[in-house]
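*Asks:* What follows is a predicted protein model with its sequence.
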Amino acid sequence: MKTSFRTIALVFGREFRAYFATPLAAVFLLVFLALSAGLAFFAGGFFERGQADLGPFFAWHPWLFLILMPAIGMRLWADERRSGVIELLMTLPVRAHEVVIGKFLAGWAFTAVALVLTMSFWLVTLYLGSPDNGIVAASYIGSFLMAGAFLAIAACISAMTKNQVIAFILAAIVSFLLVMSGTNLVLAALRGWAPAFVVDLVQSLSFITNFDRLTRGVLEAPAVILFVSTIVLALWINVQVVDAKKAA
């Protein structure tokens with residue numbers, strides 16, 4: 001399967017500019033920053049902890065992303081299917097995987113912009129104390145990878161429907177299940193009847209469990225592999241869906 005990186009770059013540029021062509025980008029970035037700050041500094045008890053670190057900030061990222069990433073990903077394919085643009089796009093001399101990768105990278109880059117803007121919080125903690133910069137850096141990398149996994153799932157589901165609202169709801173449900181699978185509520189319920197290996201498997205697939213490992217300051221291979229493999233699998237399914245629509 002040959003890949004034209006020029007085509008991917010063209011799709012990426014088109015999609016990335018589209019985010020800033022409307023007030024959507026500004027609204028999303030403001031909402032993300034406001035929620036991140038509010039949850040970290042107030043709900044997370046940043047000032048009451050008496051410790052200058054970003055633990056409360058990153059602790060809310062799985063819950064933020066399970067809503068915000070579907071909001072970004074729902075428009076990647078659903079709107080173009082509804083408007084018929086995807087049919088026109090598929091008549092061009094481009095391969096499905098090139099378009100899928102280009103669209104995904106544009107959404108992921110937009111997410112990176114949002115994360116970079118939150119680094120002002122890092123500067124605040126540096127001013128107030130002496131946080132472990134290695135832990136903060138690893139947490140940012142983990143947050144970026146987790147966001148990519150959520151986004152890839154949302155993009156995949158978006159390719160399956162013409163309705164953005166349905167795409168958002170389904171992606172949010174899947175994301176919620178991936179987050180909740182690592183909580184004590186779910187694990188305790190499973191331990192009551194499921195074998196130990198099933199409980200361990202469910203916990204190993206949990207986004208929140210694996211993200212917590214990365215926020216300890218070590219880029220553990222199992223956590224990184226989970227997020228990367230989720231991205232690859234979701235994008236592969238996305239390509240199959242787009243190819244099927246093109247063939248039809």
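*Replies:* Right, received. Where do you want to start?
*Asks:* make it CA atoms for all contacts and neighbour counts henceforth
*Replies:* Noted.
*Asks:* leaving aside the residues next to it on the chain, what's closest to Cys156?
*Replies:* Asn238 (4.7 Å; Cα to Cα, 6 or more residues apart in numbering).
*Asks:* May I see the buried residues of the helix or strand hosting Ser229?
*Replies:* With elements taken from DSSP states H and E, the one containing Ser229 is helix 221-247. Of the residues in helix 221-247, those buried under the neighbour-count criterion (16 or more other Cα atoms under 10 Å) are 223-224, 226-228, 230-231, 233-242.
*Asks:* Check stretch 58-69 too.
*Replies:* Residues of stretch 58-69 classed as buried under the neighbour-count rule (16+ other Cα under 10 Å) are Phe58, Ala59, Trp60, His61, Pro62, Leu64, Phe65, Leu66, Ile67, Leu68, Met69.
*Asks:* contacting residues for the residue nearest to Leu219 when sequence neighbours are not counted?
*Replies:* Spatial nearest neighbour of Leu219, chain neighbours left out: Ala138 (6.4 Å); criterion: Cα to Cα, 6+ apart. Residues in contact with Ala138, defined by Cα atoms under 8 Å, 6 or more residues apart in numbering, are Leu214, Thr215, Arg216, Gly217, Val218, Leu219.
*Asks:* Could you report the neighbour count for the residue nearest to the second one when sequence neighbours are not counted?
*Replies:* In space, and not counting its chain neighbours, Thr215 is closest to Ser139: 4.5 Å by Cα to Cα, 6+ apart. The criterion is other Cα atoms under 10 Å. On that basis, Ser139 has 26 neighbouring residues.
*Asks:* So for Ser139, what's the pLDDT?
*Replies:* In this prediction, Ser139 carries a pLDDT score of 92.
*Asks:* Tell me the buried residues in the helix or strand encompassing it?
*Replies:* Remark: Ser139 resides in helix 133-158, with elements defined by DSSP H and E. Buried positions in helix 133-158, judged by neighbour count with 16+ other Cα under 10 Å: 135-158.
*Asks:* chain center to stretch 17-27: distance?
*Replies:* Averaged C-alpha coordinates place stretch 17-27 at 18 Å from its chain's average position (Cα atoms, centre = their mean, to the nearest Å).
*Asks:* Remind me what the helix or strand where Ile8 lies packs against, helices and strands.
*Replies:* Using DSSP H and E, the secondary-structure element containing Ile8 is helix 5-20. Helix 5-20 is packed against helix 96-117, with contacts defined by 3 or more Cα pairs under 8 Å, 6 or more residues apart in numbering; DSSP states H and E.
*Asks:* Render the CA-only coordinates of the helix it packs on in PDB, please.
*Replies:* Backbone C-alpha positions of helix 96-117 (Å, rounded to 0.1, in the frame of the first residue of the first chain) are rendered in PDB as follows:
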ATOM      1  CA  ALA A  96      -8.600   6.300   1.600                       C
ATOM      2  CA  HIS A  97      -5.800   5.800   4.100                       C
ATOM      3  CA  GLU A  98      -4.100   9.100   3.000                       C
ATOM      4  CA  VAL A  99      -7.300  11.000   3.700                       C
ATOM      5  CA  VAL A 100      -7.900   9.200   7.000                       C
ATOM      6  CA  ILE A 101      -4.400   9.800   8.300                       C
ATOM      7  CA  GLY A 102      -4.500  13.500   7.100                       C
ATOM      8  CA  LYS A 103      -7.800  14.200   8.800                       C
ATOM      9  CA  PHE A 104      -6.800  12.500  12.000                       C
ATOM     10  CA  LEU A 105      -3.400  14.300  12.200                       C
ATOM     11  CA  ALA A 106      -5.200  17.600  11.800                       C
ATOM     12  CA  GLY A 107      -7.500  16.900  14.700                       C
ATOM     13  CA  TRP A 108      -4.600  15.600  16.800                       C
ATOM     14  CA  ALA A 109      -2.500  18.700  16.000                       C
ATOM     15  CA  PHE A 110      -5.400  20.900  17.000                       C
ATOM     16  CA  THR A 111      -5.500  19.000  20.300                       C
ATOM     17  CA  ALA A 112      -1.800  19.600  20.700                       C
ATOM     18  CA  VAL A 113      -2.500  23.400  20.400                       C
ATOM     19  CA  ALA A 114      -4.900  23.100  23.300                       C
ATOM     20  CA  LEU A 115      -2.400  21.200  25.400                       C
ATOM     21  CA  VAL A 116       0.400  23.700  24.600                       C
ATOM     22  CA  LEU A 117      -1.800  26.600  25.800                       C
END
